[in-house]
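Enquirer: Provide a 3D model corresponding to the input given below.
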Amino acid sequence: MLVRVRQASIYCIWALALVVPRAAWSEVRIDNRGGCFETASLRQRLEDVLLEFSGRPRVDLGVSVASSRARSGASSVALIVRAPWGETLLERWYELTPADCRSATKLLALVLERFLSGFPAMKWRALARKAEKMPRGSPRLLEVSLHAAASSEWIPTGAAADLGLAVEYGSVRHRFGVSAGAKTTLPRTLGEGQVMEIPLLVGLRWRYAAYSWQPAVEVRAGPALVKGFGYDINYLRWVPWLDVLATVERRWRHVALGLQLTVTPLRHQVLTEDEKDSEGLPIVSLGLRLTVPIHIRNL
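Expert: Okay, the predicted model is just below:
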């Protein structure tokens, strides 16, 4: 009789596992490079918290935890909760000592539990309605954004500004896209006059969008107008232009702000008519970049 009871209990557990709704969240991702917690234990704790709140309106949230360790021995731990369309709902960063890491699992589970328990009902319903319109499977996003940058140029020194439009497509993590825009440098003194460049550029770009701080790489090319001012004869010349950009931006919901490093590998020499004065076009520039998303759509 005891064996039968045990068997019946096992069958009941399997039946409940099939009948009881499982957690509505898509996945829990853990990157434990810092070794601050036990991965399997943390994953189980977070899944238990998600299961506890699975009675909420169905929304496939993604939970990510990442840890890294500094030379001092302290660990940087991030907890991020995202909606399927890439919106960051929660982001918390913690600097933990080796002693603190012993309670990291409990801390992260508690933070997630408090966030989910305190989530406004109206917000849950709005997310649920938005989630119903999302296609199943890995989400894909299309983003159109405007960007503007102001930079200081070196070799020779000067200043530049550019304005452009970018279209990106990809997953929550990786975005690939194209860009188009114009760039202008401030006039620089050369001999008795001044020169400036106005490149018209198109480019290919990649952006890593998994965290709020997002790095990107872009290659832009096109023709550039080199123009002189204040000379007896002011020439105009079109030359090929190539820019390699590396950016890192802090993203909020409606704006991003960060640094932009630009390297111009093509070398052009500008000379006065009498060839007494000459200089090359700037090679490196560093400045601030502002990006404003104007359209985001789930595909």
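Enquirer: burial measure for residue 237, as a count.
Expert: Here the number of neighbours of residue 237 (other Cβ atoms under 10 Å) works out to 13. For every residue, glycine as well, the C-beta is placed using N, CA and C.
Enquirer: for the one 10 residues further on, same thing?
Expert: Other residues within reach of residue 247 by the criterion other Cβ under 10 Å amount to 21.
Enquirer: Could you number the chain from 560 rather than 1 from now on?
Expert: From this message on, residue numbering opens at 560, which makes the last subject residue 806.
Enquirer: For it, list each beta-bridge partner.
Expert: When assigned by DSSP bridges, residue 806 has beta-bridge partners residue 775, residue 819.
Enquirer: How confident was the prediction at it?
Expert: As predicted, residue 806 sits at a pLDDT of 97.
Enquirer: do the same with the one 5 residues further on
Expert: As predicted, residue 811 sits at a pLDDT of 82.
Enquirer: Just give the nearest non-adjacent residue to it, would you?
Expert: residue 771 (7.7 Å; Cβ to Cβ, 6 or more residues apart in numbering).
Enquirer: In this structure that neighbour contacts residue 647, no?
Expert: Yes: with contacts defined as Cβ atoms under 8 Å, residue 771 counts as touching residue 647 at a distance of 6.6 Å.
Enquirer: coming back round to it: so who does the residue nearest to residue 811 touch?
Expert: Residues in contact with residue 771, defined by Cβ atoms under 8 Å, 6 or more residues apart in numbering, are 647, 650, 809, 810, 811.
Enquirer: Wait, the third one touches residue 774, no?
Expert: No: with contact defined as Cβ under 8 Å, residue 809 does not reach residue 774; the gap is 11.2 Å.
Enquirer: before we move on, the earlier item: phi, psi of the residue nearest to residue 811?
Expert: Its backbone dihedrals place residue 771 at phi -70, psi -40, with angles given as degrees, to the nearest 10.
Enquirer: next one: residue 659
Expert: With angles defined as degrees, to the nearest 10, residue 659 sits at phi -70, psi -30.
Enquirer: That one: neighbour count?
Expert: Other residues within reach of residue 659, judged by other Cβ under 10 Å, total 15.
Enquirer: Please apply the same query to the one 4 residues further on.
Expert: Residue 663 is surrounded by 22 other residues when neighbours are defined as other Cβ under 10 Å.
Enquirer: for it, helix, strand, or coil?
Expert: Assigned by DSSP: H, G, I helix; E, B strand; the rest coil, the conformation of residue 663 is helix.
Enquirer: who's in contact with the residue lying closest to residue 818 once chain neighbours are set aside?
Expert: In this structure, residue 818 finds its nearest non-sequential neighbour in residue 807, 5.8 Å apart by Cβ to Cβ, 6+ apart. Residue 807 makes contact with 772, 773, 774, 775, 817, 818, according to Cβ under 8 Å, 6+ apart.
Enquirer: need the residues you listed in JSON lines with distance to residue 835 and neighbour count, can you?
Expert: As requested, these are arranged in JSON lines below (distance: Cβ to Cβ, whole Å; neighbours: other Cβ atoms under 10 Å):
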{"residue": "772", "distance to residue 835": "48", "neighbour count": "12"}
{"residue": "773", "distance to residue 835": "47", "neighbour count": "18"}
{"residue": "774", "distance to residue 835": "44", "neighbour count": "14"}
{"residue": "775", "distance to residue 835": "42", "neighbour count": "23"}
{"residue": "817", "distance to residue 835": "42", "neighbour count": "18"}
{"residue": "818", "distance to residue 835": "38", "neighbour count": "15"}
